[in-house]
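**Q** Mind folding the following:
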Amino acid sequence: MRPADLLRLLLLAAIWGASFLFMRIAVPELGSLPTAFLRASLGALGLLVFLLVLRPVWQFHGKFRACLLLGVINAGLPSVMYCLAALVLPAGYSSIFNATTPLMGVLIGALFFSEKMTTSKAAGVAIGLFGVAVLTRTGPVAFDLPLLLGAAACLVATTCYGFAGFLTRNWIGPLGLDNRLVAFASLLGASLFQLPLFAGSLAWQPPANWGGPALWLSLAGLGLVCTAFAYVLYFRLLADIGPIKASTTTFLIPPFGVLWGALLLGEPLSWDYLPGCALIGVALWLVVRQPRTLVSRHTA
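**A** You can find the predicted model right below:
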């Protein structure tokens with residue numbers, strides 16, 4: 001992997017780690033569905049302005065609808081799931097569960113996309129899922145039904161990410177589409193998917209108030225930085241290094257998620273995170289490590 005790709009992975013991890021912080025700020029005030037919709041719509045608007053300034057060639061090669069559908073899978077539904085989880089889970093918890101994305105990618109690749117399931121990858125998936133179970137039992141949050149529902153919502157989101165990586169490669173990758181256009185169309189698709197959910201939530205239970213500057217700064221960070229800018233980085237990585245390697249950014253998201261939550265929200269830094277995190281970390285290493293190859297030496 002090139003140094004530039006590694007740098008983008010690190011930057012993406014820091015940005016997406018902050019997204020869990022912003023959701024924990026916005027969701028309790030606005031609710032899950034309004035936060036998810038505003039994230040996607042602000043992200044789409046931010047990317048639209050970005051594209052109008054850069055003036056790329058608007059060419060989707062007949063794949064515009066595929067990009068919209070990809071947005072539902074890669075952004076629309078996962079964002080709703082994480083915003084629902086933010087009602088009950090600390091930012092650090094959600095970011096740790098997010099680290100199961102490569103595990104889901106390996107499992108989905110083997111089941112649906114004819115990817116080879118090696119012994120190492122199978123062991124990684126099993127250990128990772130066991131790590132999730134350990135985290136829910138031993139972590140600093142009480143083991144109860146809300147915790148289980150929050151964890152389930154996070155796993156639905158990572159399952160969507162697992163599918164989206166392969167669908168992006170199959171639908172978009174061979175065409176060489178501009179990753180900025182793909183990101184914009186994806187966020188537009190996510191916004192259209194979430195619009196009826198947003199309208200329904202306003203009709204059912206509108207927010208008591210629409211918050212102050214801190215809330216809207218959090219939404220701006222969530223939509224413009226953690227979504228618009230991050231999606232350009234992400235789709236570029238998908239094109240350059242593939243879905244499995246791109247998903248390894250989740251290695252680095254949990255430390256950032258826990259750190260931002262502790263520094264800015266006062267969430268506890270606890271050794272209780274360690275057993276589950278360690279198991280998930282071992283699982284990720286097993287999934288993404290390169291197999292040893294025998295190098296033959298020729299002597300003159």
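**Q** what mean pLDDT does stretch 8-22 have?
**A** Average pLDDT, stretch 8-22: 88.
**Q** Figure out how far it is from the centre of its chain.
**A** Here stretch 8-22 is found 9 Å from its chain centre; the criterion is Cα atoms, centre = their mean, to the nearest Å.
**Q** Okay, buried residues for it please.
**A** For stretch 8-22, the neighbour count (16 or more other Cβ atoms under 10 Å) marks 8-9, 12-22 as buried. (Each C-beta comes from the backbone N, C-alpha and C, glycine too.)
**Q** One more: stretch 165-178?
**A** By neighbour count with 16+ other Cβ under 10 Å, stretch 165-178 contains the buried residues 165-169, 171-173, 177-178.
**Q** which ones among the buried residues of stretch 8-22 are found in helices?
**A** Among the buried residues of stretch 8-22, the residues falling in helices (DSSP state H) are 8-9, 12-22.
**Q** export these to CSV and tack on distance to Lys63?
**A** What follows is those, written out as CSV (distance: Cβ to Cβ, whole Å):
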residue, distance to Lys63
Arg8, 24
Leu9, 26
Leu12, 24
Ala13, 28
Ala14, 31
Ile15, 26
Trp16, 25
Gly17, 31
Ala18, 31
Ser19, 27
Phe20, 31
Leu21, 34
Phe22, 31
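**Q** count of residues packed around the closest residue to Leu167 other than its chain neighbours?
**A** Closest residue to Leu167 apart from its sequence neighbours, by Cβ to Cβ, 6 or more residues apart in numbering: Leu70 at 6.0 Å. By other Cβ atoms under 10 Å, the residues close to Leu70 number 24.
**Q** Follow the chain on from the host helix or strand of Leu70 and name the next helix or strand.
**A** Using DSSP states H and E, Leu70 sits in helix 64-71. Sequence-wise, the next helix or strand downstream of helix 64-71 (DSSP H and E) is helix 77-85.
**Q** elements contacting that following helix?
**A** helix 3-30, helix 32-54, helix 91-98, helix 145-171, helix 179-204 (3 or more Cβ pairs under 8 Å, 6 or more residues apart in numbering; DSSP states H and E).
**Q** I'm done for today, thanks for sticking with me.
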